Each structure stands twice: as structure tokens, then as C-alpha cells.
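In: give the three-dimensional model of this entry:
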Amino acid sequence: MNEYDSQRLRDLIESGSDSVRWVSTDQAEEADLLLLNTCSIREKAQEKVFSQLGRWRQLKTLRPEIQIGVGGCVAAQEGHELLKRAPFVDLIFGPQTLHRVPDLLKATRTQRLPVVDVSFPSIEKFDALPEPTIRGHKAFLSIMEGCSKYCSFCVVPYTRGEEVSRPLDDVLTEAAHAVRHGVREITLLGQNVNAYKGKNHRGQIIPFAELLHYLAAIPEIGWIRYTTSHPCEVTPELIDAYRHIPQLVSHLHLPVQSGSDRILSRMKRLHSRSAYLDTVLALRESRPDLHISSDFIVGFPGESDQDFQDTLDLIDTVSMDFSYSFIYSPRPGTPAAEYEDNVPMGVKKERLAVLQGRLAEAVRQKTEAMVGTIQNIMIEGVSDRLEQGIVGTAENTRLVHVPTTLPPCPGTILPVKISEAISTNALRGDLVSSS
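Out: Purely as a prediction, here's the structure:
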């Protein structure tokens with residue numbers, strides 16, 4: 001989501017709506033405007049923000065006319081407090097007010113004072129942003145923002161706000177624009193993306209599964225992905241979509257966080273271990289080759305050895321694919337921040353190492369199981385592993401290198417027979433057909 005927001009912010013600034021012509025540069029030393037789009041989902045990410053600002057402070061000292069802005073979730077969480085820690089910052093804006101950046105820049109230049117806008121003006125920003133600039137054969141498409149689940153550990157509802165869905169027609173228009181400009185893979189974005197409930201032009205509510213059918217009807221869309229989803233929003237209609245929509249890739253990121261019912265309850269995840277397993281089973285009945293990846297939090301307050309073992313067992317039961325795992329990081333303002341953090345850091349690190357080792361082994365096994373199978377891959381470009389060949393991405397995100405004299409045509413989908421596993425995330429294969 002932040003990557004999408006950063007791209008849209010760049011589109012906005014380069015469109016010249018600030019009455020100033022901006023040109024991007026790779027060198028911070030050359031810049032007249034430095035913008036940092038931030039994440040506060042974990043403490044480490046937030047601390048990186050202030051480390052970067054510390055480096056930029058030196059540039060501001062040498063060139064006081066440089067404008068420095070901080071946006072995203074750290075800005076939304078800290079607001080005016082951020083100025084106490086970094087008083088040299090000129091502009092602070094939240095995820096929902098990035099479309100106001102040109103006006104805010106003008107205001108800070110005129111007033112010669114810092115400007116802060118971290119309000120929540122619903123979905124206004126999407127109406128104010130220019131058409132997205134298409135860069136390549138893949139595109140992100142934000143369809144909703146915010147989250148109304150309020151997991152006890154998560155800061156998102158407080159920095160992004162409650163769930164708000166974009167109108168159906170707006171989503172389809174942006175998707176069609178992307179396809180007209182050569183996009184073949186669209187990734188739908190949202191903090192709780194499968195909770196999408198946008199209205200159509202008749203005012204009717206369109207649920208997420210129905211949106212997928214609309215998108216699949218757009219000619220030239222090759223693949224559809226989405227992230228991040230919530231197990232409670234996996235409806236029977238969404239499960240059925242995997243049976244009927246071939247453009248929907250055979251990979252789903254479905255965060256679970258823990259395999260222990262006791263910890264899931266403390267996390268306020270609103271689902272049980274058995275409910276999650278039932279959902280996975282139903283999904284795989286609809287799409288037998290579906291790869292499931294997930295998120296895991298290790299060392300959540302109160303996590304016992306048995307709770308952790310339940311998580312390891314869940315990984316084996318689901319046969320998880322590549323997943324993200326982190327040591328619990330208390331976030332200010334969340335209910336879990338008030339819990340007694342009674343798991344020693346040494347134990348947390350040990351558990352994380354064990355869990356990541358288990359996940360790595362699961363990924364290795366899944367990669368090796370692909371040998372001998374036929375996989376559709378989307379061409380990315382020239383292979384960096386073969387003297388002559390192309391590389392593509394499989395539906396489950398593995399890179400597949402293919403020896404061929406065919407020119408690399410990014411976005412083309414080709415069937416390939418996998419012949420060898422090169423690493424846990426890379427394979428070698430041969431074209432099924434040379435046509």
C-alpha cells in the first residue's frame with residue numbers, strides 16, 4: 001500500500017499542480033524537496049524514519065531552502081509530536097491527505113512555518129489524484145483503505161482509519177486505464193482488501209468476490225492478485241471465485257498470526273484455529289493447487305511454549321508457503337501495548353529462528369515439488385542466470401528461468417515444464433510449446 005501511495009504521490013507532484021515543475025532525482029543532495037512515506041506497523045520501521053530524518057537534517061543545515069515532508073502512518077500516528085523530535089520538518093501529512101501535498105507545500109512556503117494535516121477525509125484522495133502513471137506490465141490498484149477489525153496489536157485502524165471502499169466504477173476505470181497502457185497483472189490493495197464493499201452507479205453494494213468477476217471480464221488482464229486479506233472475510237462466494245476465475249492466481253496471502261486459540265483470542269483476531277483451517281480446506285477444494293502464505297507474530301504477550309508449538313503445527317497442517325514472521329512489537333495506542341510483555345527477548349529470538357527454519361523447509365519442499373509440473377509463468381525479462389534465456393514469475397511467485405531464443409516480452413504468459421529447482425525461490429524450466 002505504501003509503495004502504491006508513493007507512486008501516486010510522485011504522479012501528483014510531477015503533474016505540476018503545485019504551479020512548480022518538479023523533476024525527480026536519485027540523489028538526495030540534489031533535491032529541493034525530500035518526502036518520506038512511512039510505515040508504523042512495527043517499531044523497527046518507525047525507528048528507520050527518524051534515522052533517515054537525521055541524515056536529511058544535515059542537508060537542511062547546509063541548504064535551509066530544502067523542503068522536507070513526512071507522510072504515511074508514522075505521520076498520522078505522531079502528528080504535531082513529530083515536530084518535537086524533528087523540528088526541521090516542513091510538512092506532515094497522513095495516508096488520507098497525500099493528495100493535498102501540493103497545496104500544503106505552497107502553504108509552508110508562504111507561511112514559512114511547518115504545516116500538519118493528518119485528518120481522515122474518507123476517500124477524497126482518490127478523486128483528487130491524477131491518472132496513475134503506468135510503469136511496466138504490473139500495477140497496484142488500491143480498492144479500499146483502513147480496517148475495522150481492531151486486532152489488539154495493530155495500529156492500522158488508528159493511522160489509516162475505518163474501512164472505506166472505493167466505488168466500483170472508479171476501480172474498473174483505473175483497471176481499464178492500466179490495461180490500455182500494457183498492464184497484464186493487477187494487484188488489488190487494501191489493509192483488509194477482501195472486506196471491499198464498494199457501490200456501483202446504482203448505489204448497490206458490490207462485495208469483493210463480485211468485483212473479481214468484473215475485473216476478470218476486462219480483456220487482456222492476465223493475472224489478478226490481492227493483498228492483504230482477513231480470514232473472516234473469506235466468503236463462500238470468494239472461495240467459489242477460485243473455481244471459476246482463471247485469472248485469479250493460485251496464490252493467496254492469508255495472515256493468521258498465531259496457531260494458538262488462546263493467543264488468537266488475546267490478539268482479537270475474531271477467528272479460531274479451526275475456522276482458519278476450515279477456510280484453507282475449502283479454498284483448496286475450490287483450487288487444489290492453491291499456495292497459501294501468511295504472517296506470524298512470535299512472542300506475543302503471554303505466549304507459552306505450547307502456544308508456540310501450536311503455531312508450528314499449524315504451519316505443517318496448512319503446508320504454508322513463503323510467509324512473513326516477526327517478533328512482537330508493541331505499538332503505542334493499541335490494547336496489546338498495555339499487556340504484560342512477559343516473554344523474554346532471548347526466548348522470542350529463539351522461537352523466531354525455529355519458526356523461520358520451519359517455514360524455510362516448507363518453502364524448499366514446495367519448490368522441489370514443482371519439478372516435473374507444468375506452470376504458467378509471466379515473462380519479466382532477460383534471465384540473469386542463463387547465457388541465453390528469459391525469466392518469468394510463476395503464480396506462486398517463484399522465478400522460473402527458461403532457455404530460449406525467443407525475445408523477452410514482459411507480461412506474456414507462457415506454459416513451462418519445470419525441470420530443476422535452482423534455489424528455494426528459483427527454478428529452471430522449458431517451454432511447453434515454441435509457438
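In: what residues sit buried inside the lengthiest helix in the chain?
Out: If you go by DSSP state H, the chain has its longest helix at helix 345-369. Within helix 345-369, the residues that count as buried by 16 or more other Cβ atoms under 10 Å are K348, R351, L352, L355, R358, L359, A362, V363, K366, T367. Every residue, glycine included, has its C-beta placed from N, CA and C.
In: one more: stretch 100-111?
Out: Taking 16+ other Cβ under 10 Å as the criterion, stretch 100-111 shows R100, V101, P102, L104, L105, A107, T108 as buried.
In: got the CA positions of that stretch in CSV?
Out: Presented in CSV, the C-alpha positions along stretch 100-111 are these (Å, rounded to 0.1, in the frame of the first residue of the first chain):
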residue,chain,number,x,y,z
ARG,A,100,-3.3,17.8,-0.5
VAL,A,101,0.6,17.8,-0.6
PRO,A,102,0.9,20.4,-3.4
ASP,A,103,-1.3,22.9,-1.5
LEU,A,104,0.4,22.1,1.8
LEU,A,105,3.8,22.7,0.1
LYS,A,106,2.6,26.1,-1.1
ALA,A,107,1.3,26.9,2.4
THR,A,108,4.6,26.1,4.1
ARG,A,109,6.5,28.2,1.6
THR,A,110,4.1,31.1,2.1
GLN,A,111,3.8,30.9,5.9
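In: counting contacts, what elements does whichever helix or strand comes after the longest helix of the chain pack onto?
Out: Note on helix 345-369: by DSSP states H and E, the next helix or strand toward the C-terminus is strand 374-382. Judged by 3 or more Cβ pairs under 8 Å, 6 or more residues apart in numbering; DSSP states H and E, the packing partners of strand 374-382 are strand 389-394, strand 399-403, strand 413-423.
In: strand 374-382 - what's its average pLDDT?
Out: Strand 374-382 shows an average pLDDT of 97 in the prediction.
In: ok, that strand: who's next to it in the sheet?
Out: Strand 374-382 has the following strand partners under DSSP bridges: strand 389-394 (antiparallel), strand 413-423 (antiparallel).
In: got the contact list for stretch 339-358?
Out: Identification of contacts with stretch 339-358 by Cβ atoms under 8 Å, 6 or more residues apart in numbering yields 152, 266, 296, 298-303, 308, 311-312, 315-316, 325-328, 330.
In: the buried residues of stretch 100-111 into CSV, with extra columns for pLDDT and secondary structure?
Out: What follows is those, written out as CSV (pLDDT from 0 to 100; DSSP: H, G, I helix; E, B strand; the rest coil):
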residue, pLDDT, secondary structure
R100, 91, helix
V101, 92, helix
P102, 90, helix
L104, 91, helix
L105, 90, helix
A107, 90, helix
T108, 90, helix
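In: neighbours around the residue nearest to T25 when sequence neighbours are not counted, how many?
Out: Distance criterion Cβ to Cβ, 6 or more residues apart in numbering; nearest residue to T25, sequence neighbours excluded, is A31 at 5.5 Å. A31: 19 surrounding residues under other Cβ atoms under 10 Å.
In: list phi and psi for A31.
Out: Here is the backbone geometry of A31 (degrees, to the nearest 10): phi -80, psi 150.
In: quick one: it and I13, what's the gap?
Out: A31 sits 12 Å away from I13, taking Cβ to Cβ, to the nearest Å as the criterion.
In: over to H251?
Out: From H251 across to I13, the span is 34 Å (Cβ to Cβ).
In: now the helices for the stretch 101-250 of the chain?
Out: Along the stretch 101-250 of the chain, the segments classed as helices by DSSP state H, counting those that start in this stretch run 101-111, 124-128, 156-159, 168-180, 208-216, 236-244.
In: can you redo those helices as TSV with distance to V49?
Out: Listed next are the helices of the stretch 101-250 of the chain as TSV, based on distance: least, Cβ to Cβ, whole Å:
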stretch	distance to V49
helix 101-111	17
helix 124-128	21
helix 156-159	13
helix 168-180	29
helix 208-216	32
helix 236-244	35
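In: so which of those gets nearest E145?
Out: The minimum distance between E145 and the helices of the stretch 101-250 of the chain falls on helix 124-128, with 8.6 Å, by Cβ to Cβ.
In: list the helices and strands that closest one packs on?
Out: Counting by 3+ Cβ pairs under 8 Å, 6+ apart, helix 124-128 packs on no helix or strand.
In: just the buried positions in it, please.
Out: By 16+ other Cβ under 10 Å, the buried positions in helix 124-128 come out as K125, F126.
In: what's the answer for stretch 258-270, then?
Out: Buried residues in stretch 258-270, counted by 16+ other Cβ under 10 Å: S258, G259, S260, D261, I263, L264, R266, M267, R269.
In: out of the residues you listed, which sit inside helices?
Out: Using DSSP H, those in helices are D261, I263, L264, R266, M267.
In: and those residues, which is closest to N2?
Out: Using Cβ to Cβ, M267 is the member of these that sits closest to N2, with 23.1 Å.
In: what about the closest one, distance to Y226?
Out: In terms of Cβ to Cβ, M267 sits 22 Å off from Y226.
In: then L141?
Out: Counting by Cβ to Cβ, the gap from L141 to Y226 is 9 Å.
In: same check on E338?
Out: Using Cβ to Cβ, we find E338 at a distance of 33 Å from Y226.
In: just I66 next, same as before
Out: From I66 to Y226 the distance is 38 Å (Cβ to Cβ).
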